[in-house]
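Chemist: give me a model of this one.
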Amino acid sequence: MRDNPVQEDVPKQKDVAVAASGGLPRLFVPESRLGFWFLGTHTWESRVIRVALDDLARLIPAGKRPVRPVVLDVGCGQGKSFKPLHEHFAPRRLLGIDFEQACLDKAVEQAARDGVAAEIQRGDVSALALEDASVDVVFCHQTFHHLTRQREALAEFRRVLVPGGLLLFAESTRAYIESWIIRLLFRHPMEVQRSADEYMAMVREAGFRFGPENVSCPYLWWSRSDLGAREFWGFGVPKQGEREETLVNLVATKS
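Modeler: Residues are numbered from 1 along each chain as shown. The predicted model follows:
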């Protein structure tokens, strides 16, 4: 780790944009206190990040798994993904970018505790301070539903990826974000939430390619509005195609 591991590359004006004051467009909606706490828990790492990363790993096209890659974690939050990413990819460089300084402070501490070398930067993921074709893997986990400039972010992911580079995209859909319990406990920009099909279409339109074999829509208990109560009481779970998906995981290749 460097002596000053957090670099700031965000114009001051964008700090104001977070609160949408003065008519400026907001970049994202800050998380609730409960949400901030939960994203720093072991449960978040073990039951959400690691489960998603295991699923994404199996979706990587055959023969396309990179060796010693440069991995970019966009919306890295409190750094709970650094160790799992290191275990999966053994990257020669691991970069983490987030906008919230409070998250980045936690991320620096987490990387030190885990003994993971991570280059942590404060920045806007829709305007990355990285060179073209400088990254092998972009890991975007549960970040997109916080962003208001989603198309710009996807364009940046494609720009910084090398030809044939991988986007690992794991996202909660509108059906989950708009559920009563999530609206009660967490904070999101509701006007930009999308269905699984809409997210997949957006990724394709941004210049990425993937097939059905690179997509998964897990229906995990925590992603349902009933928190798994229906299944717990023996009523069963709607089959794929008969339900509105709450999660979408996909691995896309820069075309």
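Chemist: check which element follows the lowest-mean-pLDDT helix or strand in the chain along the chain.
Modeler: Every helix and strand in the chain was compared by mean pLDDT, DSSP states H and E; the lowest is helix 12-17, with a mean of 35. If you walk from helix 12-17 toward the C-terminus, the next helix or strand you reach (DSSP states H and E) is helix 33-38.
Chemist: distance from the next helix or strand after that following helix to the middle of the chain?
Modeler: Counting by DSSP H and E, the next helix or strand C-terminal to helix 33-38 is helix 42-43. Centroid separation for helix 42-43 versus its chain: 17 Å, with C-alpha atoms, centre = their mean, to the nearest Å.
Chemist: just the C-alphas of the next helix or strand after helix 42-43, formatted as CSV.
Modeler: Per DSSP H and E, the first helix or strand lying C-terminal to helix 42-43 is helix 50-59. Provided in CSV are the C-alpha atoms of helix 50-59 (Å, rounded to 0.1, in the frame of the first residue of the first chain):
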residue,chain,number,x,y,z
ARG,A,50,-18.7,-14.0,-2.8
VAL,A,51,-21.9,-15.7,-4.1
ALA,A,52,-22.1,-13.3,-7.0
LEU,A,53,-18.5,-13.6,-7.8
ASP,A,54,-18.7,-17.4,-7.8
ASP,A,55,-21.6,-17.2,-10.2
LEU,A,56,-19.9,-14.7,-12.5
ALA,A,57,-16.7,-16.8,-12.6
ARG,A,58,-18.6,-19.7,-14.1
LEU,A,59,-20.1,-17.4,-16.8
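Chemist: helices or strands up against helix 50-59?
Modeler: helix 82-89, strand 135-141, strand 161-172, strand 215-216, strand 247-254 (3 or more C-beta pairs under 8 Å, 6 or more residues apart in numbering; DSSP states H and E). All C-beta spots, glycine's among them, are computed from the backbone N, C-alpha and C.
Chemist: got the ones you listed as TSV, with mean pLDDT columns?
Modeler: As requested, the helices and strands packed on helix 50-59 are exported to TSV (pLDDT from 0 to 100):
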stretch	mean pLDDT
helix 82-89	98
strand 135-141	98
strand 161-172	98
strand 215-216	98
strand 247-254	98
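Chemist: okay, the ones you listed, which one's buried deepest?
Modeler: Sort the helices and strands packed on helix 50-59 by mean neighbour count, taking mean count of other C-beta atoms under 10 Å, and strand 135-141 sits at the top with a mean of 25.
Chemist: show me what that strand is in contact with.
Modeler: Strand 135-141 is touched from outside by 49, 52-53, 66, 69-75, 81, 85, 89, 91, 95, 157, 160-162, 165-171, with contacts defined as C-beta atoms under 8 Å, 6 or more residues apart in numbering.
Chemist: what do you get if the cut-off is 6 Å, keeping everything else the same?
Modeler: Contact with strand 135-141 is made by 52, 66, 69-74, 157, 160-162, 165-170, as judged by C-beta atoms under 6 Å, 6 or more residues apart in numbering.
Chemist: could you do stretch 242-250 as well?
Modeler: By C-beta under 6 Å, 6+ apart, stretch 242-250 touches 55-56, 169-173, 175-176, 196, 199, 210, 214-218, 223.
Chemist: now stretch 79-93
Modeler: 44-45, 49-50, 53, 57, 68-71, 73, 107, 110-111, 114, 116, 118.
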